Structure formats: structure tokens, C-alpha cells
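**Student:** only the shape, not the letters, is given here:
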């Protein structure tokens, strides 16, 4: 086969899409465009009047509650907490528990030395197998 | 036997001066803005303007008509889903070809997982109806083009049949301009070798 092919680029072209493809592609693209026009869930909630009203009421209630509770705390209307010893009052049993002293024992020096931990020596003897 | 002279079309592949008249960028942008504003008719216009380039790129990359048609559909669906974001696209034609390139790669990867056999023998070039005699030559050249690696084949198409610059090809295929140019050079060299081998007399 030894034909001149210099004219090829003028005549040969890559194939194009089939005519049927146009309809198929455009139908799919239009459907996609319609889908993309749909608002997302947050936008749908925002556009719903009752939902918007409920949102406004809940925010209002939160602000109101915050102001009322925060205001009562800052005015100092709550009673200050008593010290524990004052709260115990005349209850002797509780007073004894509150006033419990720490037990201390004076041990002789030789007993303290005996309680010190003994450090083991790991030096092997000649008779021991080192392997 | 004397070597066959280098065909003129192969010379033109290496030339940087051939530029077909390109559709004005503004027209592409106008269409993109219209689609972004929800004009359905703009999709038709975009199809007429871009479908052939998209289909050809997908065909040369995937090597399958069926896959190429799927790619065209996916690209247009993607465009339609973009909505207002299309207004921010600065180079619509390049953007479309980039989306096509990526989608075609995804499809080829998926297909390689599904089928181990190569796809059917593809006609990458066709004889126009006005010149039916060049059918056998078209098949011969298609076979040569089929032997190019996908990346090189894609560059040849973008450079020669889609009138893209190497800079554009680099952006579309996600490689530096130098790499795009290098792939083109290798593709042309390989085509030349294959062509010469094809013209050697058989004993």
C-alpha cells in the first residue's frame, strides 16, 4: 500500500456526534437545570411562613429568658451561700466530722529505717549461667 | 527504495501558525451567563457551539462512541447544574474541554475495571460524504492513531482539530505547557514512524 496521503487533512475529519445525541443531551441538561432551580432545604424552611414565625418566636423566647434570668442574678436577689461550719450549726455529730483531726504517730528512728525499701542487687555470681 | 515524502498534514501538525478562526470568547461567556440565569434556550446554543469539540475529545480519549456520547451528556448536565457559578468561568471553552477531559478519564478508568478486553476498532478519522473514496485511507490513519498513547492522541486532537494552543492544552489536560508540547512532538514522531513503516513494500 503506497498511496499518496498528502490530501488527508483536507478531507478526513474526526467523526462528530450523532443527530440523536442532541435531543438526549438537551433533555438531560434541561432536567438538571430544573433540579438545580429547586431551593435547598434551608431556603424552603425560610420561605415557609409558619416555620419563619416559629423561628422568630423561639428566638424571642430565648432572648426574653436570657434577660429575665440574667437580670435576676446580677441584681443579687439570691441568698449568698453560708460557710460549711455555719451550716452545721448545733449538730454535734456533724461538727465532730468537720473538726476531725489528722492522726499522727511518732515512730522511733530504727522502725522508720526498717520500713525503707530494699534495693535488690543484680550482680551475677560466677556460678550463674550468663547465657 | 526512496523514503516517502513527509505528508503535508504531518507538517502542519508541527506548525504553530495554523489557527482556524475561533469563536469569540465573548460569545461563549454570553451563553454561559444566559445559562447561569436559567435560560433554557442557551443550552441549545451551547450544544451547537461546543458538542462537536466535546464529543471528539471524548472519542479520542475513550476510544468508544458510546462512552463519548455519555461524556457529552455528563458535561452538559454538569453545566446545567452549575447555575450562577457559570458566571465566574473566565474561559468557558477551555473549562468545557477540561471537564470533558476529566470525565473521559474517569470513564476510561471505570471501563478498565469492568472489561479487560480493548474496545472495538475505532475510526478516529472519517471520510466526508463528499469524498467517499478516502474511506480506506481514513481507516488506515485511524489504525495508526489508535496506536498512540491516549495522552498523546488527545494532544494531537486538541492541537490539530480543536485549534488549541499548547498553553490551553496544558491547562485542559492538567500538565505544564512544556509537557503538552512534548507529548505532541512524540505523537507526531511516532505517527511519522508508523506511516513510514506502513509505506514500506511487503515482500
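**Tutor:** The structure has been received and is ready for your questions. Owing to the predicted nature of the structure, the values given are computational and were not obtained by experimental measurement.
**Student:** element containing the most centrally placed residue in chain B, please.
**Tutor:** Residue closest to the average C-alpha location in chain B (C-alpha atoms, centre = their mean): residue B:57, at 2.8 Å. For residue B:57, the enclosing helix or strand under DSSP states H and E is helix B:40-62.
**Student:** what's that helix packed up against?
**Tutor:** In terms of contacts (3 or more C-beta pairs under 8 Å, 6 or more residues apart in numbering or on different chains; DSSP states H and E), helix B:40-62 is packed against helix A:19-37, helix B:25-36, helix B:65-82, helix B:92-114, helix B:150-156. C-beta coordinates here come from the backbone N, C-alpha and C atoms, glycine included.
**Student:** is it possible to get TSV of these that adds mean neighbour count, mean pLDDT and distance to residue B:175?
**Tutor:** Output for the helices and strands packed on helix B:40-62, formatted as TSV (neighbours: other C-beta atoms under 10 Å in any protein chain shown; pLDDT from 0 to 100; distance: least, C-beta to C-beta, whole Å):
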stretch	mean neighbour count	mean pLDDT	distance to residue B:175
helix A:19-37	15	89	28
helix B:25-36	18	88	23
helix B:65-82	21	93	20
helix B:92-114	18	87	11
helix B:150-156	21	91	8
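**Student:** for the nearest residue to residue B:177 once chain neighbours are set aside, give me its contacts.
**Tutor:** Leaving aside its chain neighbours, residue B:177 sits nearest to residue B:170 (4.2 Å; criterion: C-beta to C-beta, 6 or more residues apart in numbering or on different chains). Contacts here follow C-beta atoms under 8 Å, 6 or more residues apart in numbering or on different chains; on that basis residue B:170 touches B:176, B:177, B:178, B:179, B:180.
**Student:** just among those residues, which is most surrounded?
**Tutor:** Neighbour counts for the contacts of residue B:170 (other C-beta atoms under 10 Å in any protein chain shown) peak at residue B:180, which has 26 neighbours.
**Student:** output the contacting helices and strands for the helix or strand hosting it.
**Tutor:** Residue B:180 is part of helix B:177-199 when elements are defined by DSSP H and E. Packing contacts for helix B:177-199, counted by 3+ C-beta pairs under 8 Å, 6+ apart, involve helix B:8-14, helix B:135-146, helix B:150-156, helix B:166-173.
**Student:** return the set of buried residues in that helix.
**Tutor:** Buried residues in helix B:177-199, defined by neighbour count with 16 or more other C-beta atoms under 10 Å in any protein chain shown: B:179, B:180, B:181, B:183, B:184, B:187, B:188, B:191, B:192, B:194, B:195.
**Student:** of the contacts of residue B:170, closest to chain A?
**Tutor:** residue B:180 (18.8 Å; C-beta to the nearest C-beta).
**Student:** these two touch, right, the closest one and residue B:155?
**Tutor:** Yes: Residue B:180 lies in contact with residue B:155 (C-beta atoms under 8 Å); the separation is 5.9 Å.
**Student:** quick check: neighbours shared by those two?
**Tutor:** The contact sets of residue B:180 and residue B:155 overlap at B:169, B:173 (C-beta under 8 Å, 6+ apart).
**Student:** and for stretch B:40-52, what's in contact with it?
**Tutor:** Stretch B:40-52 has contacts (C-beta under 8 Å, 6+ apart) with A:16-17, A:21-22, A:25-26, A:29-30, A:33, B:23, B:27-28, B:31-32, B:34-35, B:72, B:76, B:79-80, B:93, B:96.
**Student:** buried ones in that stretch, by neighbour count?
**Tutor:** B:42, B:43, B:46, B:47, B:49, B:50, B:51, B:52.
**Student:** with distance to residue B:138 added, can I get the residues you listed in CSV?
**Tutor:** Output for the buried residues of stretch B:40-52, formatted as CSV (distance: C-beta to C-beta, whole Å):
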residue, distance to residue B:138
B:42, 35
B:43, 32
B:46, 29
B:47, 26
B:49, 26
B:50, 24
B:51, 22
B:52, 17
